[in-house]
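Asker: A structural model of the following input is requested.
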Amino acid sequence: MARPRGIPGTVVALVLAAASLAISIGIPDRVAAYVPHPTILIVGDSGFTPGNGVTGGSGTPSDPYIIEGWEINASAADGIAILTTTAHFVIRNVSIHSGGWTYVGIWLEEVQNGSVEGSVLTDNTDGIFVLLSADVTLASNTITASINNGIRIDLSTRITLKDNDIQWNQLEGVTVYETT
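Answerer: The predicted structure is shown next:
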């Protein structure tokens, strides 16, 4: 077999060897897909239950409640709504979509000690809406195609935003009103 002009034989051999090795050891698939879950509504600390999407934790600072790994279609209700809580919680690695003109991806109202991390929110009225809350962190989320705002924060204190990717939202990427 003639080798192509301009490519040394050793390069061709290395490329073939690498391809052969990749096939023989297998290339891992992407991280496991999200698991479908209905919308989540948690009202008060007692609402953090497995039926409400909690996958672990006890609600303390060192062991927060965890909500993770879900794919939520928000076409009939807010994707995740957490209201009136003081327990520590983390929402991470969730995908929430299709809220359209009516429903928010993640709604946090009158909560303390919450965090939303590494989540993907697409095509909701607001990606994340924080209202009357304190000590909330929003970090490393990807928020696209919100009808209103990627992130909206109203009347809250001690809110931390870090490394969020917010694109193609119709009004604003981030809107903050009377918040520290």
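Asker: can you pull the buried residues of the strand ranked longest in the chain?
Answerer: Ranked by residue count under DSSP state E, the longest strand found in the chain is strand 106-117. Under the neighbour-count criterion of 16 or more other Cβ atoms under 10 Å, strand 106-117 has 106-117 buried. From N, CA and C alone the C-beta is placed, and that goes for glycine too.
Asker: how about stretch 60-77?
Answerer: Buried-residue list, stretch 60-77, by 16+ other Cβ under 10 Å: 64-70, 72-74, 77.
Asker: and the helices in this protein?
Answerer: 9-25 (DSSP state H).
Asker: where does it have its least confident helix or strand?
Answerer: One helix or strand of the chain scores below all others by mean pLDDT, DSSP states H and E: helix 9-25, with a mean of 40.
Asker: spit out the contact partners of the residue nearest the centre of the chain.
Answerer: Centroid-nearest residue in the chain, with Cα atoms, centre = their mean: S119, separated by 0.9 Å. Contacts for S119 (Cβ atoms under 8 Å, 6 or more residues apart in numbering) come out as 91-96, 106, 141-142.
Asker: any chance of those residues in TSV, plus pLDDT and distance to S133?
Answerer: As requested, the contacts of S119 are exported to TSV (pLDDT from 0 to 100; distance: Cβ to Cβ, whole Å):
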residue	pLDDT	distance to S133
I91	98	13
R92	98	18
N93	97	21
V94	98	18
S95	98	23
I96	98	18
I106	98	12
N141	98	16
T142	97	22
